[in-house]
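[1] just coords:
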């Protein structure tokens, strides 16, 4: 089964820091497994900006390869209208893309910062996303 998911930047950063972590497993699913990443140009720009920050010291080539592979598997979506106010304006793009894609397909937002988003069943932690995938494999 395939799952559409918008991946918050914190999930991508955590995955790059430790590929064996739960966020790393989510990223692996997005690159090779059951997650179909949902992107737009602003999300990609956010990933590029954050992953290029000196404090992380990520290898530039590794970041480029990761993002190129992610883009190959992705579907692209415009912004949807949102009525909820979010505490961090940088999170609006992720939520707006989620809401637009949800018009066509069940879609999740995977984040490590649940408090930044409204409580919805389709806004999940990386662990919850892996559980959803596992449950789908059992059925």
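    Now that the structure is in, tell me what you want to look at. Since this is a predicted model, take the numbers as computed values, not measurements. Numbering: from 1, shown residues only.
[2] Now do the same contact list for the residue lying closest to residue 111 once chain neighbours are set aside.
    Leaving aside its sequence neighbours, residue 111 sits nearest to residue 8 (CB to CB, 6 or more residues apart in numbering; 3.8 Å). C-betas here are computed from N, CA, C, even on glycine. Neighbouring residues of residue 8 by CB atoms under 8 Å, 6 or more residues apart in numbering: 91, 94, 109-113.
[3] Specify which member of those residues is nearest to residue 123.
    Closest approach between the contacts of residue 8 and residue 123, by CB to CB: residue 109, at 4.7 Å.
[4] looking at this, the closest one is in a strand?
    Yes - counting by DSSP: H, G, I helix; E, B strand; the rest coil, residue 109 is located in a strand.
[5] and it, bridged to which residues?
    residue 6, residue 123 (DSSP bridges).
[6] ok, now which ones touch it?
    By CB under 8 Å, 6+ apart, the residues touching residue 109 are 5-6, 8, 94-95, 98, 117, 122-124.
[7] can you put those in TSV and add distance to residue 83?
    Output for the contacts of residue 109, formatted as TSV (distance: CB to CB, whole Å):
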residue	distance to residue 83
5	22
6	18
8	20
94	16
95	10
98	13
117	13
122	15
123	15
124	20
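[8] Include distance to residue 87 and pLDDT when you put those into a markdown table, please.
    Below are the contacts of residue 109 laid out as a markdown table (distance: CB to CB, whole Å; pLDDT from 0 to 100):
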| residue | distance to residue 87 | pLDDT |
| --- | --- | --- |
| 5 | 22 | 98 |
| 6 | 18 | 98 |
| 8 | 14 | 98 |
| 94 | 13 | 97 |
| 95 | 11 | 96 |
| 98 | 16 | 97 |
| 117 | 9 | 96 |
| 122 | 19 | 98 |
| 123 | 14 | 98 |
| 124 | 18 | 98 |
